[in-house]
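Student: How does the following fold in three dimensions:
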Amino acid sequence: MEYLFVAYYYSLPYLMALGAAFALVFLAAFSVSQPLLPLLTYLGVFFSFSGVNWGSFSSATGAMYSRGSGQLFFPFVFWALVLGTFWAVMGRALAKQPRQPASSINRWFLMWGLLFILHLCWGLTAGVDIADMLNGDGFINVVWMGLLIAFMVASARNEKSISWLLQFIVVAGLLKSGYGLVRWAAFGGDPANVYSNVEKINIKLTYFDIVDSLVCVLAAATCCWQLFVNPPKDGDSLGWRVLRWAVVVLGIVCVLLSYRRTAWVGILMCGIYLFWNLRPSLRLVGIAIVLPIMTVAVGFFAAKRLGARAEKLGLLSFVYDLLSSNEGTNARTLELRLAFNSFVHSPIVGLGAWGRYPATILIPWQDPTRPGAFLHSGILHVVMKTGLVGLMLMLGVIASFVRKVRSMKHQTSEGGALVFAAICGMIFMLPDFLLGTPIPQFRTTQMIAFCLGLPFFVARAQQGRKSD
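Tutor: Purely as a prediction, here's the structure:
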């Protein structure tokens, strides 16, 4: 018996290699017959698990997106993205579908990858630690955004792909909003509650991570499109209409109860964009009834969160943390000013992926081991690290997305719903990109990439409709 255990121990590496080989063959078969399965599995993690631990008393929160970093350098979810992209591309080749040129948006992300390689060469010659260059506080997460878009495009085969992804978003949004509201009503809300745990404001919230609110917004956007803008031609059953109304109502309430100002501004802008796409009669109803209700609701929840600040500052209380304090120093504005001054010192190429603005004890949330590595502005973060070169690449990505959306005006109900959700997702994340910290967060950048990639996914799936 002992001999068998010894033999098993020494043969374990070979057994693992054989197991990995069989697993790859199994995945290859699925990549041909079920091209969306690897993508939906990957997205299911990001739609389901929160990615923040700031304001939480539990260290387990957010571990999903850093697990494996110590052994694999990058998180395990990143290697899942690499493997999924590889098998989606291989599956497309094995299915003997015609090879398509790279999406226009991925050409910009290829340039982001080249820029990062140049930063690596620059850093190595300057004696910078490679861990600082590859850290998420730089701009490496922007490069990985292009990988997810390539994964999405390679997984799009035909019109069924559009239908499956749409249903996935709707179900995920319903589950996300339902879970958030039940937890809020019966179990004290999100444990990562910075307002209660850190700022000592007596409120409970649904989700502190804005990406959880983004999931609700994406689902609500698809349902709004099919309810009010472009209903399915074959008609809808009563059950589907009730389901879509539930996704819309629960999603909006869930976002309002997140108590995130960037989320409130984002959902109001999404509502305005929806009204713009409605036929004139419905647009008047929305402006006369829905928009005032939304504005009053946001005002009510804002007053509840801001409390005494609302009484002292009035409407300015909404941006209280950007106003000067009694001591004459405001941490948020100081952070932005220091970062902008750092950009001015190197405006063309920035400070490098490892670059930081000056450390100061006046900014309480600075990491003492890596002070000045990130700041509360996604666009200033990128510009500080990469200069005007990065700004031009960022504008190129946005321009490519806008051109693709403008070229897809006449869509089916399902295809149009995904494109509309992509636009609403980008609009919703705009305030957070301007005044939040999306770039250092792997989950947030991946979900922004998901929004950017949706129109290209739809376009590629429609190119393969004849193979349906």
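Student: any low-confidence regions in the stretch 301-450 of the chain?
Tutor: Residue ranges of the stretch 301-450 of the chain with pLDDT under 70: 305-329.
Student: and if we set it to 90?
Tutor: Across the stretch 301-450 of the chain, the ranges flagged by pLDDT under 90 are 301-335, 358-376, 408-413, 435, 437.
Student: Mind jotting down where the strands sit in it?
Tutor: Along the stretch 301-450 of the chain, no segments are classed as strands by DSSP state E, counting those that start in this stretch.
Student: in it, which spans are helices?
Tutor: Along the stretch 301-450 of the chain, counting by DSSP state H, counting those that start in this stretch, helices occupy 308-313, 331-345, 378-406, 413-435, 442-463.
Student: Mind putting those helices into JSON lines with mean neighbour count and distance to L110?
Tutor: (C-beta placed from N, C-alpha, C; glycine too.) Below are the helices of the stretch 301-450 of the chain laid out as JSON lines (neighbours: other Cβ atoms under 10 Å; distance: least, Cβ to Cβ, whole Å):
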{"stretch": "helix 308-313", "mean neighbour count": "13", "distance to L110": "46"}
{"stretch": "helix 331-345", "mean neighbour count": "17", "distance to L110": "25"}
{"stretch": "helix 378-406", "mean neighbour count": "19", "distance to L110": "10"}
{"stretch": "helix 413-435", "mean neighbour count": "23", "distance to L110": "21"}
{"stretch": "helix 442-463", "mean neighbour count": "24", "distance to L110": "14"}
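Student: Output those helices in TSV; the columns should cover distance to D129.
Tutor: TSV is the format used below for these (distance: least, Cβ to Cβ, whole Å):
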stretch	distance to D129
helix 308-313	42
helix 331-345	19
helix 378-406	16
helix 413-435	28
helix 442-463	20
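Student: Out of those helices, which gets nearest to A263?
Tutor: A263 lies closest to helix 413-435 among the helices of the stretch 301-450 of the chain, at 7.5 Å (Cβ to Cβ).
Student: what angle do the closest one and helix 331-345 make?
Tutor: In terms of direction (axes from the mean of the first three to the mean of the last three Cα atoms, to 10 degrees), helix 413-435 departs from helix 331-345 by 90 degrees.
Student: Figure out which of the helices of the stretch 301-450 of the chain is closest to I210.
Tutor: Going by Cβ to Cβ, the one of the helices of the stretch 301-450 of the chain nearest I210 is helix 413-435, 5.4 Å.
Student: I'd like to know which elements the closest one is packed against.
Tutor: In terms of contacts (3 or more Cβ pairs under 8 Å, 6 or more residues apart in numbering; DSSP states H and E), helix 413-435 is packed against helix 159-186, helix 210-224, helix 261-277, helix 378-406, helix 442-463.
Student: Give me the nearest residue to C270, chain neighbours excluded.
Tutor: Spatially, and ignoring its direct neighbours in sequence, C270 is nearest to C424 (4.5 Å; Cβ to Cβ, 6 or more residues apart in numbering).
Student: list the contacts for the one you found?
Tutor: By Cβ atoms under 8 Å, 6 or more residues apart in numbering, C424 lies in contact with V217, L218, A221, C270, Y273, L274.
Student: Same check on T445?
Tutor: Applying Cβ under 8 Å, 6+ apart, the residues near T445 are N141, V142, W144, M145, P438, I439.
Student: rewinding a little: separate out the buried members of the contacts of C424.
Tutor: V217, L218, A221, C270, L274 (16 or more other Cβ atoms under 10 Å).
Student: Okay, the last one and R260: tell me how far apart.
Tutor: Shown here: L274 relative to R260, a distance of 20 Å by Cβ to Cβ, to the nearest Å.
Student: for the first one, same thing?
Tutor: When distances are taken as Cβ to Cβ, V217 and R260 turn out to be 12 Å apart.
Student: and of the helices of the stretch 301-450 of the chain, who's closest to G127?
Tutor: Here helix 378-406 is closest among the helices of the stretch 301-450 of the chain (Cβ to Cβ), at 18.2 Å.
Student: A263 contacts I210, correct?
Tutor: Yes. Contact criterion Cβ atoms under 8 Å: A263 and I210 qualify, at 5.7 Å.
Student: Mutual contacts of those two, please.
Tutor: Listed as contacting both A263 and I210 by Cβ under 8 Å, 6+ apart are D432.
Student: Out of the helices and strands packed on helix 413-435, which is closest to V253?
Tutor: With Cβ to Cβ, the closest approach to V253 among these belongs to helix 159-186: 6.6 Å.
Student: Turn the contacts of C424 into JSON lines, including distance to L284 and pLDDT.
Tutor: What follows is these, written out as JSON lines (distance: Cβ to Cβ, whole Å; pLDDT from 0 to 100):
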{"residue": "V217", "distance to L284": "24", "pLDDT": "98"}
{"residue": "L218", "distance to L284": "27", "pLDDT": "98"}
{"residue": "A221", "distance to L284": "21", "pLDDT": "97"}
{"residue": "C270", "distance to L284": "19", "pLDDT": "94"}
{"residue": "Y273", "distance to L284": "16", "pLDDT": "93"}
{"residue": "L274", "distance to L284": "14", "pLDDT": "92"}
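Student: Of the residues you listed, just say which sits nearest to D367.
Tutor: Checking these against D367 with Cβ to Cβ, the nearest one is V217 at 30.0 Å.
Student: and that closest one, what does it touch?
Tutor: With the criterion set at Cβ under 8 Å, 6+ apart, V217 makes contact with G251, V255, G266, I267, C270, C424, G425, F428.
Student: redo that, cut-off 6 Å
Tutor: Each residue near V217 by Cβ atoms under 6 Å, 6 or more residues apart in numbering is listed here: F428.
Student: I'd like to know how far it sits from S103.
Tutor: 24 Å.
Student: same question, L452
Tutor: According to Cβ to Cβ, L452 and S103 sit 10 Å apart.
Student: now swap in I439 and tell me
Tutor: From I439 over to S103 the distance is 22 Å, taken as Cβ to Cβ.
Student: Comparing these two, which shows the higher neighbour count?
Tutor: Shown here are I439 and S103; by other Cβ atoms under 10 Å, I439 has more neighbours (26 against 22).
Student: Chain neighbours aside, what residue packs nearest to the more buried one?
Tutor: The spatially closest residue to I439, leaving aside those adjacent along the chain, is H381, at 4.7 Å (Cβ to Cβ, 6+ apart).
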